[in-house]
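Asks: just to be clear, the model below is a prediction. Sequence and coordinates:
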Amino acid sequence: MSVLVAIIGLLVLVLIHELGHFSAAKATGMRALRFYLGFPPAIAKRTWRGTEYGIGAIPLGGFVKIPGMLRPESGDLYEVEDALGKAREIDAVAATRLAAELADVQRSLDQCRYDDARAAGHRLAAEVEAVEGLSPVERRRVLRSLSRLDENLDPGAYWRCPRMRRLIVIAAGPAVNVVACFLILTAVALYGLPVATPVVQSVIAKSPAAKTGLQAGDRVVTVNGRHAGVNGIRDAIAGSKGGRVALVVVRDGHRLALRTERSEVIDGAYRLGFQFGTVNRPYSVTHAPTFAASEMWSLTSGTVRALADVVTPHGRSQLHSTVGIVRVSAQAEEAGATDYLVLLAFISLSLAIFNLLPFLPLDGGHILMVVLERIRGRMVSRAVFERVSVLGIMLMALLFVVGLQNDLSSILNTQPH
């Protein structure tokens, strides 16, 4: 059940990311063809004001389809050329007319007369629908290709919109994840964060703590003769490195010196084997946002340092895939709602940071292309755009493989032997 909750949380974060792009597109007048909860095939769908809204059968977050992420070129009509070239049943007059219309579309695209190309595409589509001698399969294939071209030539298509509008739409996805992180952390802080107290909550059976006589409900006041808070007690025990640790506690109002025992390695560190209790400490309305902002800054700076360190073996060992994220989220959900929500907030911020990396097809790559366009005074060529996209996809695939390898190794190493 905890794994299911973890997966749902991750999918919700992906969904609100796409919702950010979609809302910004609608608000700025950019065309959005589809917005889905999940991925097709559609369980239910409805078209309203030029957008198809649907619920997909594959529950992988959601997606928004904005046409024209790439500038159309005459080569995009290869399916039309292929289908019409193979249609031997069309009479010569109709074939000549279709070829002339197709050439008009391609010529207009090559000359950057995009409105003329769109009008010529409409004429060609009408001819294809009326012509005889074209099989139903090929007719659908040609009309589908012309429909895609028409969408990509729409005045509201991404590439035809002003630079500022494109920046707003692209940046809206990561921005929503940042806002979600801030709101979750603020809400958690207002509700209250668990803070450890020096009161013992539980003692591991047969551990050094149990041998000292430590009991649940004892309040630890000194360790090795020194007064310390929770962190000081933990540091003193860990720093003993197997040496003797003397505890003084208050039990039922009486101060007791417990039997001295040596610390042991428990879960990778020197411990005595007991757990401190926690209390819920809420933040005030004024301090909760400050706490959220501080935590977000710490995570952002730490993530940037980790990304800069990814070329080192240690840095690569810290990479995680979706498998690792779900696993850690499930563990946090088992620990409690507060831990789970804090982790969900951090994942939301991490998604935003990752998507802002300057690699296509990530949002940061699209932002970089807009910035380069502003500097150069013209769009980056489509050939360059596609080559850079391939490199970005290869890089992301490599990072995913390394992260998945780390996650699988971690899972295998924690299996009982």
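Replies: Sure thing, it's come through. Residues are numbered from 1 along each chain as shown.
Asks: ranges for the strands of the stretch 251-400 of the chain?
Replies: Ranges of strands within the stretch 251-400 of the chain are 254-257, 261-262, 264-266, 269-271, 274-281, based on DSSP state E, counting those that start in this stretch.
Asks: just want the most central residue of the chain.
Replies: Centroid-nearest residue in the chain, with CA atoms, centre = their mean: residue 351, separated by 3.6 Å.
Asks: now that one: how far from residue 218?
Replies: Distance, residue 351 to residue 218, using CB to CB, to the nearest Å: 43 Å. For glycine as for every other residue, the C-beta is placed from the backbone atoms N, C-alpha and C.
Asks: ditto for residue 200
Replies: Applying CB to CB to residue 200 and residue 218 gives a distance of 5 Å.
Asks: what touches both of these two?
Replies: residue 249 (CB atoms under 8 Å, 6 or more residues apart in numbering).
Asks: helices of the protein, residue ranges please.
Replies: Remark: helices assigned in the chain by DSSP state H are 2-28, 78-86, 92-110, 114-130, 136-152, 163-191, 208-212, 230-239, 287-308, 313-317, 322-335, 337-355, 363-376, 382-413.
Asks: between the ones you listed, which one is closest to residue 58.
Replies: Nearest of the helices of the chain to residue 58, taken as CB to CB: helix 2-28 at 10.7 Å.
Asks: what angle do that closest one and helix 363-376 make?
Replies: If you take axes from the mean of the first three to the mean of the last three CA atoms, to 10 degrees, helix 2-28 sits at 30 degrees to helix 363-376.
Asks: packing partners of helix 2-28?
Replies: Applying 3 or more CB pairs under 8 Å, 6 or more residues apart in numbering; DSSP states H and E, we find helix 2-28 packed against strand 34-48, strand 51-65, helix 163-191, helix 322-335, helix 337-355.
Asks: which residues touch the second one?
Replies: With CB under 8 Å, 6+ apart as the contact definition, strand 51-65 has outside contacts at 10-15, 17-19, 21-22, 25-26, 32-47.
Asks: buried subset of those residues?
Replies: For the contacts of strand 51-65, a burial check counting by 16 or more other CB atoms under 10 Å picks out 10-11, 13-15, 17-19, 21-22, 25-26, 32-38, 42.
Asks: one step back: now the strands of the stretch 251-400 of the chain in TSV, with mean pLDDT and distance to residue 86?
Replies: As requested, the strands of the stretch 251-400 of the chain are exported to TSV (pLDDT from 0 to 100; distance: least, CB to CB, whole Å):
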stretch	mean pLDDT	distance to residue 86
strand 254-257	90	93
strand 261-262	88	84
strand 264-266	87	73
strand 269-271	87	71
strand 274-281	86	72
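Asks: as TSV, the ones you listed with mean neighbour count and distance to residue 155 would be great.
Replies: TSV is the format used below for those (neighbours: other CB atoms under 10 Å; distance: least, CB to CB, whole Å):
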stretch	mean neighbour count	distance to residue 155
strand 254-257	12	81
strand 261-262	17	77
strand 264-266	13	66
strand 269-271	17	63
strand 274-281	15	55
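Asks: quick one: find the helix or strand in this structure with the lowest mean pLDDT.
Replies: Least confident element among the helices and strands of the chain, by mean pLDDT, DSSP states H and E: helix 322-335 (a mean of 55).
Asks: and stretch 239-259, how far apart are its ends?
Replies: 19 Å (CA to CA, to the nearest Å).
Asks: and for stretch 257-268?
Replies: Stretch 257-268 has an end-to-end distance of 27 Å (CA to CA).
Asks: repeat that for stretch 372-392.
Replies: Termini of stretch 372-392 sit 17 Å apart (CA to CA).
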